[in-house]
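1. need a structure here:
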Amino acid sequence: QVQLVESGGGLVQAGGSLRLSCAASGRTFSSYAMGWFRQAPGKERQFVAAISWSVGSTLYADAVKGRFTISRDNAKNTVSLQMNSLKPEDTAVYYCAAAFGAFSRRSAAYDYWGQGTQVTVSS
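-> Okay, the predicted model is just below:
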């Protein structure tokens, strides 16, 4: 069982930066691939970034590649998403998710989800 709690969301101007964090409970955190997804009003949840359990591999959505960076600290049971050069279209609720096994772009591959944190980017 893994419980996830996101933090770090807020309101920022276009071009600014935010750092999201996800704190995980559970002794097997290092066995889980971790991902970030987002959902804007009226839209489906979409993949943002993922990182493998071994910290060796990362995946990014094309829309955020080069601007966002995912990282994890297995000793602290945390995963972070550094978001730079934010755009109004990045506005969404951001969710942290854990997958027991290989990381994926598919939300169905993830077993546990946080409650989400709101990110709003003003133009």
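2. what sits up against stretch 34-51?
-> Here stretch 34-51 makes contact (CB atoms under 8 Å, 6 or more residues apart in numbering) with 20, 22, 24, 33, 53, 57-61, 64, 68-72, 79, 81, 90-99, 103-107, 110, 116, 119. The way it works is simple: take the backbone N, C-alpha and C, and place the C-beta from them, glycine included.
3. Out of the residues you listed, which sit inside strands?
-> 20, 22, 24, 33, 58-60, 68-72, 79, 81, 92-99, 119 (DSSP state E).
4. picking up where we left off before, buried subset of the contacts of stretch 34-51?
-> When the contacts of stretch 34-51 are checked for burial by 16 or more other CB atoms under 10 Å, the buried set is 20, 22, 24, 33, 53, 59-61, 64, 68-70, 72, 79, 81, 90-99, 103-104, 107, 110, 116, 119.
5. so where is the protein shaky, pLDDT-wise?
-> Applying pLDDT under 70 to the chain flags the ranges 27, 55.
6. Would you point out which residue is most central in this structure?
-> Taking CA atoms, centre = their mean, the centroid of the chain lies closest to W36, which sits 2.3 Å from it.
7. Give me the nearest residue to that one, chain neighbours excluded.
-> V48 (4.3 Å; CB to CB, 6 or more residues apart in numbering).
8. any idea which element the one you found lies in?
-> strand 46-51 (DSSP states H and E).
9. Kindly point out the strands partnered with that strand and how each is oriented relative to it.
-> strand 32-39 (antiparallel), strand 58-60 (antiparallel) (DSSP bridges).
10. which residues sit against the shortest one?
-> Strand 58-60 is contacted by residues 47-52, 68, 70, 103, 105 when judged by CB under 8 Å, 6+ apart.
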